[in-house]
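**Student:** this one's structure only:
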């Protein structure tokens, strides 16, 4: 099917590139555009351009929930949601989006979603306003918190997944975030520690300071340090001392004793 325009709105660059390559492989004639994965820039693009036929829309964007984007941009496009969270996916399906895809994206699943969109063309559908209102109402309802379980990692010629359960701790250096696994392997993560703090299970990970997020199972020993601080010794050994300030000692102890 020719002359179909589609945009990808995804806040993780490797995931956006992977989805782009998959769609291009399945539908080489489609016109594809990757937009910034944040609400402000995506809305601005929709204000300045004709709306595409299809949006592949990540439900969790870098600066909020995608229902904010839908409410502001009021896209006339068909929406195919992409999400790492089952609860959101179920809602997306229930409000008459064409389909939803769980991440990491499986190419066969993507093929099914595209086929469903193409099969729907020409059918009578609900008015755009009603369609958007249903999406906004569904996505704006509170749900139980779900935490990240994996990361998509881009290599030179392939993509792999890194399980959160394999990560001992994260550290930031020169604005680059690195995950250190229990086996000693290190992997760059395309997210800040602030963003990671929102996505990780707070029962299992603790933001020790501006430089480190530590996993509960990585802690080998805790020792007193100067000025009422403590130093946390972890496995694998960290390159820098991991210090917990006296202001965080109480919450740190509560976290350890949970």
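**Tutor:** Looks like it came in fine. Just so you know, these numbers come straight off a predicted model, no measurement behind them.
**Student:** how about the closest residue to residue 25 other than its chain neighbours, phi and psi?
**Tutor:** Leaving aside its sequence neighbours, residue 25 sits nearest to residue 107 (Cβ to Cβ, 6 or more residues apart in numbering; 7.6 Å). C-betas here are computed from N, CA, C, even on glycine. Backbone torsions of residue 107, given as degrees, to the nearest 10, read phi -60, psi -40.
**Student:** close enough to count as contact, residue 107 and residue 26?
**Tutor:** Yes: using Cβ atoms under 8 Å, residue 107 is in contact with residue 26, at 7.3 Å.
**Student:** number of residues surrounding the residue nearest to residue 25?
**Tutor:** Neighbours of residue 107 under the rule other Cβ atoms under 10 Å: 14.
**Student:** wait, a strand at residue 46?
**Tutor:** No: Residue 46 is assigned helix when assessed by DSSP: H, G, I helix; E, B strand; the rest coil, not a strand.
**Student:** surely it and residue 71 touch.
**Tutor:** No: taking contacts as Cβ under 8 Å, residue 46 lies outside contact range of residue 71: 11.9 Å.
**Student:** so those two - more neighbours on which side?
**Tutor:** Just comparing residue 46 and residue 71: by other Cβ under 10 Å the higher neighbour count belongs to residue 46, 22 against 17.
**Student:** got the contact list for the more buried one?
**Tutor:** 73, 75 (Cβ atoms under 8 Å, 6 or more residues apart in numbering).
**Student:** now it: how far from residue 31?
**Tutor:** 16 Å (Cβ to Cβ, to the nearest Å).
**Student:** likewise residue 39?
**Tutor:** From residue 39 to residue 31 the distance is 23 Å (Cβ to Cβ).
**Student:** pick out whichever of the two has more residues nearby.
**Tutor:** For residue 39 versus residue 31, the count of surrounding residues by other Cβ under 10 Å is larger for residue 39: 23 against 13.
**Student:** how about the more buried one, nearest residue that isn't a chain neighbour?
**Tutor:** Per Cβ to Cβ, 6+ apart, closest to residue 39 is residue 69, 4.7 Å.
**Student:** the one you found: neighbour count?
**Tutor:** Neighbour tally, residue 69, other Cβ under 10 Å: 27.
**Student:** again with residue 62
**Tutor:** Neighbours of residue 62 (other Cβ under 10 Å): 17.
**Student:** can you pull the phi and psi angles for it?
**Tutor:** Torsion angles, degrees, to the nearest 10, at residue 62: phi -70, psi -30.
**Student:** per-residue confidence at it?
**Tutor:** Confidence at residue 62, expressed as pLDDT, is 80.
**Student:** so residue 236: helix, strand or coil?
**Tutor:** coil.
**Student:** close enough to count as contact, it and residue 185?
**Tutor:** No: contact criterion Cβ under 8 Å: residue 236 and residue 185 do not qualify, at 9.1 Å.
**Student:** the two - which one has more neighbours?
**Tutor:** Neighbour count, other Cβ under 10 Å: between residue 236 and residue 185, residue 236 has more, with 16 against 12.
**Student:** and the closest residue to that one other than its chain neighbours, what pLDDT?
**Tutor:** With sequence-adjacent residues excluded and distances taken as Cβ to Cβ, 6+ apart, residue 236 is closest to residue 184, at 4.8 Å. As predicted, residue 184 sits at a pLDDT of 94.
**Student:** near residue 184, how many other residues are there?
**Tutor:** Residue 184 sits with 10 neighbouring residues when counted by other Cβ under 10 Å.
**Student:** name the element it belongs to?
**Tutor:** Using DSSP states H and E, residue 184 sits within no helix or strand.
**Student:** state the distance from it to residue 169.
**Tutor:** Look at residue 184 and residue 169: by Cβ to Cβ, they are 12 Å apart.
**Student:** where's residue 165 relative to residue 60, distance?
**Tutor:** Relative to residue 60, and taking Cβ to Cβ, residue 165 is found at 20 Å.
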